[in-house]
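**Student:** one predicted model, sequence on top.
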Amino acid sequence: MSTSGCSFKDRCVSMLCCRFCQQVLSSRGMKAVLLANTEIDLYSTDIPPTSTVDFIGSCYFTDICKCKLKNIACLKCGNVVGYHVIAPCKPCLLSCNNGHFWMFHSQAVFGVNRLDSSGVNLLLWGNLPDLEESTDEDISGISEEEYIR
């Protein structure tokens, strides 16, 4: 993964919710752009949201790059909300990327910025615990107060 020269630590952390049923899909979302076409906005996460989405359909490739992709659907309503990059292509790996392989379409999800422990400031990626400290995408660890905000 080539993240040298790229910094994502000042990006806001968002709670990602399904636009169709409002189900929380991830508590570690980041606003992003498609590497192969920076005109396309989306969201991404670094932890597999296995308790909120599942794979649907077959793997596919796009015309823009050779990444191997598979769609993901919300487990609550069944709508396709994004895709997982099963195998990234070399040009995408070598480009400035955030290392996230779970992508969400901005038309299918909405993001709610999370607040830090003070309850006043936005939570930034640089202030999130390392993956080793927080490997479970369980949203039950988020306080009810923070979820409501």
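**Tutor:** Great, that's in hand. Residues are numbered from 1 along each chain as shown.
**Student:** can you name every helix or strand that the strand ranked longest in the chain contacts?
**Tutor:** Counting residues, the longest strand found in the chain (DSSP state E) is strand 24-34. Where contact means 3 or more C-beta pairs under 8 Å, 6 or more residues apart in numbering; DSSP states H and E, strand 24-34 is packed against strand 14-18, strand 37-45, strand 102-105, strand 109-113. Bear in mind the C-beta positions are built from the backbone N, C-alpha and C, glycine included.
**Student:** now do the contacts for Ile56.
**Tutor:** Residues near Ile56 by C-beta atoms under 8 Å, 6 or more residues apart in numbering: Lys70, Asn71, Ile72, Ala73, Val80.
**Student:** switch the cut-off to 7 Å
**Tutor:** Asn71, Ile72, Ala73, Val80 (C-beta atoms under 7 Å, 6 or more residues apart in numbering).
**Student:** so what's the first one up against?
**Tutor:** Listed by C-beta under 7 Å, 6+ apart, the contact set of Asn71 reads Ile56, Gly57, Val80, Tyr83.
**Student:** and the residues you listed, which is closest to Asn121?
**Tutor:** Lowest distance from Asn121 to these (C-beta to C-beta) belongs to Tyr83, with 31.9 Å.
**Student:** so the closest one sits against Ile72, correct?
**Tutor:** Yes - look at Tyr83 against Ile72 with C-beta atoms under 7 Å: they come within range, at 6.0 Å.
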